[in-house]
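Novice: sharing a model that was predicted from the sequence below.
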Amino acid sequence: MKIVKVPAEVEEAFAPFREVMSRPQFRHFMRLVLGLILPCSKKKTVQAIAEGYAEGRDRSCLSRFLERSPWKVEKALNRALGILHQQLPKKSGRLSYLILDDSANEKTGRKIEGAGWFHDTMNLKRHIFGHNYVMSLAQVSGVCFPVGVRLYLKEQFCLEHGMTFKTKNELAAELIAAYRPRCAGRVIVVFDGWYLNETVVAAVVKRGWHWVSRLKSNRRVKIGDLFWIVRDFIETLGEAELRETDFIPRSHELPIIGCLRRGWLRKIGEVVMVFGGNQNGEWQTFASDLLNWSLEGLMRVYDRRWEIECCFRESKQHLGLGESQARLLRCAVIHLHMVMIAWILLAALKLKHGLVNATIGDLCRWVGKQVERDQIAFIRKYAASKKAPKKLELLLVAA
């Protein structure tokens, strides 16, 4: 069934965006973001969203809003974060986390601006054609939500279009510099081994924060007076040096055994390294500047990186991340931000209405039920009125 009326709960959540947009812009913006949230259609393209409303403008109106309308999606993202921050506990001194990772969205059209061939680590395909981007996810008081995204553009594309080329490490450093925590407190930045380099670590240190990262097995580290390749040092560890823990990471099914070692990494400095494995001989190594933390504490922090993997997966399954096939670069950037805004608004609704254990999919279905409830009320309201034939005809067409 198509959307006849926006539920009051949802319309209230969108109200603060009126201050940063004109009335037509706000109407198109709400239709697009709500279209990403509602599970009315498996497709989340502009065409499918426009067709999801019983009354509304043509698809071309939404397209012009995305392509040419003078509005700033960054302002809308900041407003969405402000809405969520009002629902979060306002206690200072809490420990919060900023998680970094990159992902890719596969595209089909060869004329899509900024698209290229990228290595895909999530699927069996070795490379995909599409967009690659770096995203930052915050975890505050147990609530996870995206706070920033940067589209990665290849150097050749930047040269052809007069743009400054930035590596993914530089984009990650930008996201660290741009993040503004809601309350004062310690922030730990979590990322995988790709981002363990002087550019990203320097950005963390500049903010006065700490970091925890995966350490690749081919990295060269100094332990004591000797230099080691990480995988070679693991082979020297005896059973007497390993300690059992009760911690089971979400990526494994067995408890971790391991040990801590102080060491030194080139261009990064002194670090503490976690050498962790399980009874099947599966080893993972981590590094951090939290020199006085325990083995379990560091592994629990890094295990939070799983949240951004869940964010990518659920955004692609439920919010249409990756379904946009728009050709313009501006539209691709706006689409990424709109998916983030949809996630943030769902997180705010989750807190406001006490939907404690709801997943993103559950929240999308909850919003869908509010739409269905209002449609039933709409039918009952006009069934006995003089306008009943016209209104009922509209609902039948919508169905």
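Specialist: Right, received. Where do you want to start? Numbers count the residues shown, from 1 in each chain.

Novice: once you drop chain neighbours, what's closest to Ala177?
Specialist: Distance criterion C-beta to C-beta, 6 or more residues apart in numbering; nearest residue to Ala177, sequence neighbours excluded, is Ala203 at 5.9 Å. Quick note: C-beta positions are derived from backbone N, CA and C, even for glycine.

Novice: quick one, phi/psi of that neighbour?
Specialist: Per-residue torsions, Ala203: phi -60, psi -40 (degrees, to the nearest 10).

Novice: for Thr236, same thing?
Specialist: Phi and psi for Thr236, reported as degrees, to the nearest 10, are phi -90, psi -10.

Novice: I'd like to know how many residues surround it.
Specialist: Other residues near Thr236 come to 9 when the count uses other C-beta atoms under 10 Å.

Novice: how close does it get to Phe275?
Specialist: Counting by C-beta to C-beta, to the nearest Å, the separation of Thr236 from Phe275 is 10 Å.

Novice: for the residue nearest to the spatial centre of the chain, what are phi and psi?
Specialist: By C-alpha atoms, centre = their mean, the chain has its centre lying nearest to Pro146, at 4.3 Å. Dihedral pair for Pro146: phi -70, psi 140, per degrees, to the nearest 10.

Novice: now Leu265
Specialist: Torsion angles, degrees, to the nearest 10, at Leu265: phi -120, psi 140.

Novice: again with the one 4 residues further on
Specialist: Recorded main-chain torsions at Gly269 are phi 110, psi -160, according to degrees, to the nearest 10.

Novice: burial check on the closest residue to it other than its chain neighbours, number of neighbours?
Specialist: Spatial nearest neighbour of Gly269, chain neighbours left out: Asp289 (7.7 Å); criterion: C-beta to C-beta, 6+ apart. By other C-beta under 10 Å, the residues close to Asp289 number 19.

Novice: ok, now which ones touch Asp289?
Specialist: Contacts here follow C-beta atoms under 8 Å, 6 or more residues apart in numbering; on that basis Asp289 touches 201, 205, 210-211, 269-272.

Novice: with Ala173 instead?
Specialist: 199-200, 202-203.

Novice: any stretches of the stretch 51-200 of the chain with poor pLDDT?
Specialist: 56-57, 91-93, 121-125 (pLDDT under 70).

Novice: quick one, helices of it?
Specialist: 59-67, 73-85, 155-160, 168-178, 198-206 (DSSP state H, counting those that start in this stretch).

Novice: contacts for the first one?
Specialist: Applying C-beta under 8 Å, 6+ apart, the contact partners of helix 59-67 are 24-25, 28-29, 31-32, 46-47, 49-51, 326, 328, 330-331, 334-335.
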